[in-house]
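Student: Take this sequence and fold it.
(one chain, ligands or ions: 2)
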Amino acid sequence: MIIVMRHSSTDEEIQAVVDRLDERGFGAHVSRGAERTVIGAIGAQEAEKAALADSLKRLPGVEQVVPILKPYKIVSRESHPEAGRVRFGSAEIGGPKVAMIAGPCTIENREMLLETAQAVKAAGASVLRGGAFKPRTSPYDFQGLGEEGLQYLAEAREATGLPILTEARDVQHIEPVARIADAIQIGARNMQNYEVLRAAGQSGKPVLLKRNFSATVEEWLKAAEYIAASGNLDIVLCERGIRTFESAMRNTLDLSAVYVAKRETYLPVVVDPSHATGDFRAVPPMALAAIAAGADGLLIEVHPNPVEALCDGPQQLTPKRFEGLMDEVRKVAEAVGREA
Ligand code: PEP
Ligand code: MN
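Tutor: Numbers count the residues shown, from 1 in each chain. Ligands and ions are numbered 1, 2, ... in the order given. The predicted model follows:
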């Protein structure tokens, strides 16, 4: 079983839980995250679990005691029956409003980022995205501006008020990204990079976890559990298409994963139709389908001039197309009892 401590729990309260486990003959694995501490009880015997859980729940500083039934325990619906809400700065993901995360694939320079940020803000986006540390399939492709790009993101937030989301591709990127961004993106290629997951979990910032293109939903949820087990419950899942035998699109958008992830966990789920399809023309229909399927938000790549983009040009929307998509998203959101 897992004992999740409150935000405000003290060292003494954590020690008291460890001592209680010790008294009852159990080991304790303590994960101290920046946000909260999570304690795993090791060696719990089935027969003794209920009584132990009961006694732990009454200790000060304990938020919840989660029995181990699913392989992903902390993030499971069993442990949080209510759907969760996660904040990326001023934006809420998982509430009645569909969150629109938009921006360029890659921050190419200061001007294009500021221009895109202003445009997506004017159209109604709630979060600005943009890659500074890019995971490129070829080593010869543009790898991103790195820390310089983070500075431009901070400037764009200053200019627009939009919270910012950007990817950390490596453990060493977590600290600079967490220092500047409102939320950390873990990309598809790093979904099972356990050191990156742990470091993001300990960063104190919310995390958007993309599904790897070859991962089952269960593997994706176990990856989220790594972040949660490191003390960070502010996780948003992102479906971005998987590899199948179908080759008509860049990937196959798996909308059933939205349903399964929301049924199995309390985590908000967003959909990225840009990487899922690889084609700007397919982005609007898949975006609308995602909202209808219950997604809590969308991640859309927008570029002032996609033809000239250094990365993912064919799938990026122009600001004008994004504005048009927003109008459609509002209609579908309203039809399913939400807003955008
Ligand atoms: C991205 O969103 O910038 C990205 C690289 O996507 P993915 O990790 O899903 O390929
Ligand atoms: Mn991209």
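
Student: Can you give me the end-to-end span of stretch 101-121?
Tutor: End-to-end distance for stretch 101-121: 10 Å, by C-alpha to C-alpha, to the nearest Å.

Student: if you look at that stretch, does any of it touch ligand 2?
Tutor: Yes: on the criterion C-beta under 5 Å from the ion, stretch 101-121 is in touch with ligand 2 at residue 105. All C-beta atoms are positioned from the backbone trio N, CA, C, and that covers glycine.

Student: Would you mind measuring from the nearest residue to residue 339 once chain neighbours are set aside to residue 40?
Tutor: What sits nearest to residue 339 in space, not counting adjacent residues and going by C-beta to C-beta, 6 or more residues apart in numbering, is residue 97, at 5.1 Å. From residue 97 across to residue 40, the span is 35 Å (C-beta to C-beta, to the nearest Å).

Student: Does the residue nearest in space to the middle of the chain belong to a helix, a strand or coil?
Tutor: Residue closest to the mean C-alpha point of the chain, counted by C-alpha atoms, centre = their mean, is residue 208 at 1.6 Å. Three-state call for residue 208 (DSSP: H, G, I helix; E, B strand; the rest coil): strand.

Student: So for residue 97 and residue 40, which residue has more residues nearby?
Tutor: residue 40 (20 against 16; other C-beta atoms under 10 Å).

Student: secondary structure class for the more buried one?
Tutor: At residue 40 the chain is in strand, as set by three-state DSSP.

Student: Setting the sequence-adjacent residues aside, check what's closest to it.
Tutor: Nearest one to residue 40, counting by C-beta to C-beta, 6+ apart, is residue 29 at 4.0 Å.

Student: Wait, a strand at that neighbour?
Tutor: Yes: checked against three-state DSSP, residue 29 lies within a strand.

Student: what sits against it?
Tutor: Contacts were defined as C-beta atoms under 8 Å, 6 or more residues apart in numbering; by that measure residue 29 touches 39, 40, 42.

Student: Can you lay out those as TSV showing pLDDT?
Tutor: Output for the contacts of residue 29, formatted as TSV (pLDDT from 0 to 100):
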residue	pLDDT
39	92
40	87
42	79
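
Student: measure the residue nearest to residue 40 to ligand 1 for me?
Tutor: 30 Å (C-beta to the nearest ligand atom, to the nearest Å).

Student: pLDDT wise, what is the residue lying closest to residue 2 once chain neighbours are set aside at?
Tutor: Closest residue in space to residue 2, ignoring its immediate chain neighbours: residue 66 at 4.5 Å, by C-beta to C-beta, 6+ apart. Residue 66 is assigned 88 on the pLDDT scale.

Student: Would you tell me which residues of this protein are close to ligand 1?
Tutor: For the chain, the residues in contact with ligand 1 (C-beta under 6 Å from any ligand atom) are 105, 131, 135, 167, 187, 188, 189, 210, 240, 275.

Student: Point out the least confident one among these.
Tutor: The lowest pLDDT within the residues of the chain next to ligand 1 belongs to residue 135, which sits at 93.

Student: Can you get me a residue count around that one?
Tutor: If you count neighbours by other C-beta under 10 Å, residue 135 ends up with 14.

Student: which residues does the residue nearest to residue 339 contact?
Tutor: Contacts of residue 97 (C-beta under 8 Å, 6+ apart): 126, 338, 339, 340.
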